[in-house]
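In: coords please:
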Amino acid sequence: MSTAATSSRSSTIPATTAVFVRLKLSLLRNGLRQSSGRKAVWITSLVLVSLYAALQLLGFVALRGHAHVGALTVCTAALLAFGWAVMPLFFPGGDETMDPTRLVMLPLRPTPMLAGLLAAALVGIGPGFTVAVLIGAVIAGAHGAAAFAVGVLAVPLALLVCLALARAVATANVRLLTSRKGRDLALLSGLIIAVGGQLFSLAMQKLNGAGMAKLESVADVLRWIPPGSTLDAVRAASDGAYGRAATDLALTVVALAAVLWWWQRGLAKVMTAGDASTLGAASVTKPEKARAGGSGLARLLPAGRTGTVMHRSLRYIWRDPKTKASWVSGLAVGALVPIVNAAQGMSNIWFAMFAPTMLGLQMYNQFGQDGPAFWMVLQTIGSRRDAYAELRARALTFSLIAVPYVALVVTGTAYFTGRWQDWAEVLGLGFALLGALFATGALASVLAPYSIPQDSGFKNVAPGQGALAWFGMLGALIGAVLCAPLGALTIGLHLGGAHGWLWTVLPLGAGYGVLVTWAGLRLAAPRMLDRLPEILTAVSKG
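Out: Predicted coordinates:
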C-alpha cells in the first residue's frame, strides 16, 4: 500500500511538471496576444538581452587564459545569484507563476508543485541570459577535458541555485509583494537600479585602474558561497585539484537542497495558512495612546492647524507610494551626485548644491498628492490666514527633513573633498536656494496644480496636464534667480580678497532663505484662497 502510494506520488511529479511548463508557455503566449505594443516590447527585450548575452559570452572567451579570470567568474556567479534573489522584491509582477497563492484552491502537494514551479522558471529570457553568461564563464576558466566535464555539471547547478533562490524569496515574501509595501518597492525599483548602476560604474572604474587582481580578495570569500563554488570547481579541476572541485560541487548541491527545503516549507505555509489581512482582526487602541491623541513624532508637533497639517504631510511622505518614491529619489540623488564625484577625485564641494535643489523641488505641486481628497482641505480654508497657515505648515514639514539633510550633505561633501574653507558659503547658499525653491514651489502649487494618477505605474502627471507640470517646474529657474543677491555677495568677497568674511554667508543665507520663504507664502496665500475651486478641479482629474 505504502509502495503504491509512493509510486503514485512519483508519477505525479512529471505530469505536474509538464502542466506547469505548458501553463508558463500559455501565459507568455496569451500575454503577447493582448496588444501589439506588449509584443513589440517583449521582442525588443529579447533582442537586446540576446545581444548583451552574446557580448558577455564573447568577453569571457576573450579573457580565456587571463591570470585572474577565475576570480572574475566566481564574482560573476555571485552577482547573478544576488540579482535573482532581489528581482522578486522589485518586480513582483514580472512572472505570474511566482505567486503560489493563485494555486491555493488546486489539490496540489508541495513537492509536485515545487518541481513544476522550478521547471516553469526555466522558461523565459532571464534563464537564457543566465545560461549564456555561465557558459562563457566556464569557457573562460576551463582548461582540459576534466574541467569542461565539471563545467557541464556546474552550469545547471548554478542555474538551479539562482532560480530556486528567486522562487524561495518570492514565496517567503508573497504577502509583502501583494500589499501596499510591495507596490512601494516596485515604485522604488527604478531608483534602486539607478543608484546601483552608479555604484557599479564607480566600482568598474576603480577596477579598471587597479586591474582584476583586486577581485582576488573578494573571490577568496565568494568561492565558498554557492553558486560561486560551482565556477570555482571549474578552476580547481583545471589546476588538477579534483578533490577541491568535488568539494565545491558537493557544497553547491547541499546549498541547493537547503534552498529547496526552505522553498518547500514556504509553499506549505502559504498554501495552508490564512492571510491575516482577510481575517478581520481589529486592532485595539491602547487607552493611554487614545488619551494622548497620538504617539511618536505626532506628540512633538505643534498644536492646532499647523501640527495637524504637518502630521498629514508626514503621513503622505511615509505611506503614499508615489510621494515616498519622489522623496526617496530626491534624497538619493542629492547625496549620490556629490559622493560619486568625490569618489572620482573631483574636489568640488559645489556638487552638494544638488541636495537643496532636489529637496526644494518637492514643494512643487503640493496639492496634487491630495488628489480628490483636497476637498476636505478646501472646507477648512475660509480666509487668507487659513490659506497661509496651510502653506506654512507644509513648508515647515519639508524643512524638518530638508534643513538637516542639506547640512549633512554639505558637511559630508566638505569632509570627502577636504574643502572645509568653502563649507560656510556653500551651506549658506544651500539654505538660500532651499528657501527660494520653497517660495516658488508654493506659488507654482497654487497657480499650476495638476493631478498625480495613483494607479498608472510610474506616470506622475494626468493626461493633458503635462504642460502644467512643465510650467510649474519653470519656477525652479526663478528660485535660482532669487538667490542672485547672495551669490553676488559671495563672488564679491572672493574677488575682493575678503576670504575672512566668507563665513558670514552662512547666517545671511539662512536668514535670506527664511525671508524669501515667508514672502513666497504671503504671495501664494491670497491666490490660493481665490483659486480653491480651480485647484480642486485640477488635482481631481487623475
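
In: tell me the helix or strand right after the lowest-mean-pLDDT helix or strand in the chain.
Out: Using mean pLDDT, DSSP states H and E, the weakest-scoring helix or strand in the chain turns out to be helix 287-292, at a mean of 43. Secondary structure here is assigned by DSSP states H and E; on that basis, the next helix or strand after helix 287-292 toward the C-terminus is helix 304-319.

In: helix or strand right after that following helix?
Out: Elements were assigned by DSSP H and E; along the chain past helix 304-319, the next helix or strand is helix 321-343.

In: phi, psi for residue 225 please.
Out: Summarising the backbone geometry of residue 225 under the convention degrees, to the nearest 10, its torsions are phi -110, psi 120.

In: what is the burial count for it?
Out: One way to gauge burial is a neighbour count; for residue 225, by other C-beta atoms under 10 Å, it gives 16. Using the backbone N, CA and C atoms, a C-beta is placed for each residue, glycine as well.

In: cool, the one 3 residues further on as well?
Out: Neighbourhood size, residue 228 [other C-beta under 10 Å]: 29.

In: got it, and residue 173?
Out: Using other C-beta under 10 Å as the criterion, residue 173 is surrounded by 18 other residues.

In: gap between it and residue 453?
Out: If you measure residue 173 against residue 453 using C-beta to C-beta, to the nearest Å, the figure is 26 Å.

In: go on, residue 70?
Out: As judged by C-beta to C-beta, residue 70 and residue 453 stand 50 Å apart.

In: neighbour count winner among the two?
Out: The residue with more neighbours, out of residue 70 and residue 453, is residue 70; 24 against 18, by other C-beta under 10 Å.

In: give me the distance between that one and residue 234.
Out: Taking C-beta to C-beta, one finds residue 70 at 8 Å from residue 234.

In: quickly list what's touching both of these two.
Out: residue 141 (C-beta atoms under 8 Å, 6 or more residues apart in numbering).

In: look at the closest residue to residue 441 other than its chain neighbours and report its pLDDT.
Out: The shortest distance from residue 441 to any non-neighbouring residue, by C-beta to C-beta, 6 or more residues apart in numbering, is to residue 363 (2.9 Å). In this model, residue 363 is scored at 85, pLDDT.

In: got it, and residue 442?
Out: As predicted, residue 442 sits at a pLDDT of 90.

In: show me how far stretch 437-446 is from its chain's centre.
Out: Relative to the centre of its chain, stretch 437-446 is centred 28 Å away, using C-alpha atoms, centre = their mean, to the nearest Å.

In: and if you look at stretch 220-238?
Out: With C-alpha atoms, centre = their mean as the basis, the distance from the averaged C-alpha position of stretch 220-238 to the chain average is 30 Å.

In: can you count the residues close to residue 172?
Out: Residue 172 has 18 neighbouring residues, counting by other C-beta under 10 Å.

In: residue contacts, the residue nearest to it when sequence neighbours are not counted?
Out: Excluding the flanking residues, the one nearest residue 172 by C-beta to C-beta, 6+ apart is residue 266, at 5.0 Å. For residue 266, the contacting residues are 168, 171-172, by C-beta under 8 Å, 6+ apart.

In: could you do residue 244 as well?
Out: By C-beta under 8 Å, 6+ apart, the contact list for residue 244 reads 232-233, 236.

In: and the gap between it and residue 155?
Out: Residue 244 sits 19 Å away from residue 155, going by C-beta to C-beta.

In: cool, residue 87 as well?
Out: Between residue 87 and residue 155 the distance, using C-beta to C-beta, works out to 20 Å.

In: Provide a PyMOL selection command restricted to the buried entries of the contacts of residue 244.
Out: The command below creates a PyMOL selection of those among the contacts of residue 244 that count as buried (16 or more other C-beta atoms under 10 Å):
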select buried, resi 232+233+236
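
In: sec struct for residue 410, please.
Out: Secondary structure state of residue 410, per DSSP: H, G, I helix; E, B strand; the rest coil, is helix.

In: just checking, it touches residue 425?
Out: No: contact between residue 410 and residue 425 fails when scored by C-beta atoms under 8 Å: they sit 10.0 Å apart.

In: could you measure from the spatially closest residue to residue 381 that is not a sequence neighbour over to residue 393?
Out: With sequence-adjacent residues excluded and distances taken as C-beta to C-beta, 6+ apart, residue 381 is closest to residue 387, at 5.3 Å. Separation of residue 387 from residue 393 (C-beta to C-beta): 11 Å.

In: one more: residue 301?
Out: The spacing between residue 301 and residue 393, counted by C-beta to C-beta, is 9 Å.

In: beyond the host helix or strand of residue 529, next helix or strand please.
Out: With elements taken from DSSP H and E, the one containing residue 529 is helix 505-530. Read in the C-terminal direction, the helix or strand following helix 505-530 is helix 532-539, with elements assigned using DSSP H and E.

In: show me the contacts for the spatially closest residue to residue 437 that is not a sequence neighbour.
Out: The shortest distance from residue 437 to any residue that is not its chain neighbour, by C-beta to C-beta, 6+ apart, is 2.7 Å, and that residue is residue 360. Contacts here follow C-beta under 8 Å, 6+ apart; on that basis residue 360 touches 402, 433-434, 436-438, 441, 476, 479.

In: if you set the cut-off to 7 Å instead, what comes out?
Out: Under the criterion of C-beta atoms under 7 Å, 6 or more residues apart in numbering, the contact list for residue 360 reads 433-434, 437-438, 441, 479.

In: so it, which state does it fall into?
Out: Going by three-state DSSP, the state assigned to residue 360 is helix.

In: and it, how close does it get to residue 351?
Out: Looking at residue 360 against residue 351, where the rule is C-beta to C-beta, the gap reads 16 Å.

In: ok, back up a step: mind listing which of the contacts of residue 266 are in strands?
Out: In this view, those have no member that belongs to strands under DSSP state E.

In: would you turn those residues into a markdown table with distance to residue 311 and pLDDT?
Out: What follows is the contacts of residue 266, written out as a markdown table (distance: C-beta to C-beta, whole Å; pLDDT from 0 to 100):
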| residue | distance to residue 311 | pLDDT |
| --- | --- | --- |
| 168 | 40 | 85 |
| 171 | 37 | 79 |
| 172 | 34 | 76 |
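
In: what is the neighbour count of residue 74?
Out: For residue 74, the tally of surrounding residues (other C-beta under 10 Å) stands at 30.

In: okay, it: pLDDT?
Out: Reading off the per-residue confidence, residue 74 sits at a pLDDT of 88.

In: so where does it fall, helix or strand?
Out: Under DSSP H and E, the secondary-structure element containing residue 74 is helix 69-90.

In: elements contacting the helix or strand that that helix is followed by?
Out: Counting by DSSP H and E, the next helix or strand C-terminal to helix 69-90 is helix 110-121. For helix 110-121, the elements it packs on are helix 2-33, helix 145-172, helix 242-272, judged by 3 or more C-beta pairs under 7 Å, 6 or more residues apart in numbering; DSSP states H and E.
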